[in-house]
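Colleague: here is a sequence together with a model predicted from it:
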Amino acid sequence: MFDFFQIVDEQHDDPTIYPVLSPPGDAFPFAWERDDGQQPEVFHSKALGVLQRTSGGWTRTRKFTDLTFTVVLTDARAIVYCEKFVKGGGWRGFGVGGLAFAAVANAVSHARAAARRKGKLLVAQVRYPWLLTVGAPPDNRGRHRSLHLIVDAGARGESRVLALEIRVPDRVDGRAYAEMLVRRAAAHRKTLASVSPQDAEACRQLAAGATRNAGSQCEIPGAVPVGTAVLPVPSMPTPQQPASLPAPWPPAALPAPQPPAALPSAPAVLPLPAPPPATVAPGHCAACDHPILTGAASCGRCGLPVRHGEDGRWRAS
């Protein structure tokens, strides 16, 4: 059951809940991630604990007072670790069980384990998408000496609210660390695909520093349960316009366009042949009224000779 802390070794291969070990010689014993950024806040703490919210308030389930932990606050997560925990009493009961890592028979896991530093690390990790609330509650004397990182570690849809309690260094106001954590967590969360537009806008305002009015506790919108792996929205790279485009290579001279070949002219319209002269004369035989044919010398019916009349018509005489 998740309660923030676990012991990991070089075979641990899944960084979702607990970080994996780094190669020998790295600045930190856990592997650095790209989203962690380049400006971590680091301090040491000698008093840590785990609280669980119940119907009656908060109940302490674990407390470390004899170990020195290193606290690393990055742009994407908060990590608490202790390398020298063998002689302490607060680590008893932990083990390397309950972790999600690849089978040791896998060649890739063997290669990864060989590249990591040897030994075991007592570590707790809080990824910013899990954060419900960040607080720095006052103690009995009104001092803000500790940070509370509150998450929902419930399983199968059941809520199980836990708080990682971290004592801050002496003469340091815990609210300053709380405000810094809120800004970093909000800046990271507003880029996540799972965050609604309303929550993203609220996170944008928190990232801009709108935490002074939140007092010693500030809720961060859009939290997800512990163990949920949430990746930032991939940003499309903006194409860079070149300063000046190269001049196009001059093309070879093209031959002048030739006019299209003239189409053959349409044949001249020949006049239609004149119709043959009328075969019927505009006259009739005076004797039998038979039509007089053109060029006829006599009527074709009665045989009387014909003549051309004064009115221009052929008539039988």
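Modeller: Yep, it's here.
Colleague: how about residue 203, what does it touch?
Modeller: 186-187, 189-190, 195, 220-222 (CB atoms under 8 Å, 6 or more residues apart in numbering). (Each C-beta comes from the backbone N, C-alpha and C, glycine too.)
Colleague: now, among those residues, which is nearest to residue 5?
Modeller: residue 220 (22.4 Å; CB to CB).
Colleague: I figured the closest one hits residue 183, correct?
Modeller: No - between residue 220 and residue 183 there is no contact under CB atoms under 8 Å: 10.2 Å.
Colleague: so which strand or helix has residue 123?
Modeller: strand 121-127 (DSSP states H and E).
Colleague: who touches that strand?
Modeller: With contacts defined as CB under 8 Å, 6+ apart, strand 121-127 is touched by 4-9, 17-19, 21, 29-30, 48, 67, 76-83, 85, 91, 94, 149, 151, 164, 230.
Colleague: paired strands for whatever helix or strand comes next after that strand, with orientation please.
Modeller: Remark: after strand 121-127, the chain's next helix or strand is strand 131-135, criterion DSSP H and E. Using DSSP bridges, the strands paired with strand 131-135 are strand 146-152 (antiparallel), strand 217-219 (antiparallel).
Colleague: ok, and what's touching strand 131-135?
Modeller: 147-152, 161, 178, 181-182, 185, 216-220, 223.
Colleague: how big is the angle separating the longest helix anywhere in the chain from strand 121-127?
Modeller: The residue-count maximum for a helix in the chain (DSSP state H) belongs to helix 174-189. Between the axis of helix 174-189 and that of strand 121-127 there is an angle of 70 degrees, by axes from the mean of the first three to the mean of the last three CA atoms, to 10 degrees.
Colleague: buried ones in the helix or strand that helix 174-189 is followed by?
Modeller: Sequence-wise, the next helix or strand downstream of helix 174-189 (DSSP H and E) is helix 197-207. By 16 or more other CB atoms under 10 Å, the buried positions in helix 197-207 come out as 199-200, 202-203, 206-207.
Colleague: quick revisit: would you list the buried entries among the contacts of strand 121-127?
Modeller: For these, buried by 16+ other CB under 10 Å: 4-9, 17-19, 21, 29-30, 48, 67, 76-82, 85, 91, 94, 149, 151, 164, 230.
Colleague: out of the residues you listed, which are inside strands?
Modeller: Members of these lying in strands (criterion: DSSP state E): 5-8, 48, 77-82, 149, 151, 164.
Colleague: which one of those is nearest residue 298?
Modeller: Closest to residue 298, out of all of these and judged by CB to CB, is residue 77, at 135.1 Å.
Colleague: how about residue 154, what does it touch?
Modeller: Counting by CB under 8 Å, 6+ apart, residue 154 touches 160-161, 225.
Colleague: in strands only, show me these.
Modeller: residue 161.
Colleague: count of neighbours near the residue lying closest to residue 117 once chain neighbours are set aside?
Modeller: Counting by CB to CB, 6 or more residues apart in numbering, residue 117 lies nearest to residue 24, which is 4.6 Å off, once chain neighbours are set aside. Counted with other CB atoms under 10 Å, the neighbours of residue 24 add up to 10.
Colleague: domain assignment for the protein?
Modeller: The chain breaks down into these domains under automatic domain parsing: 5-219, 280-316.
Colleague: hey, least reliable of these by pLDDT?
Modeller: Among those, domain 280-316 carries the lowest mean pLDDT, a mean of 64.
Colleague: buried set for stretch 29-47?
Modeller: 29-30, 32, 36, 40, 45, 47.
Colleague: again with stretch 138-146
Modeller: Within stretch 138-146, the residues scored as buried using 16+ other CB under 10 Å are 144-146.
Colleague: give me the contacts around that stretch.
Modeller: Taking CB under 8 Å, 6+ apart as the rule, stretch 138-146 contacts 47, 136-137, 165-168, 173-175, 178, 216.
Colleague: list only those of the residues you listed flagged as buried.
Modeller: With neighbours counted by 16+ other CB under 10 Å, these contain buried members at 47, 136-137, 165-168, 174-175, 178.
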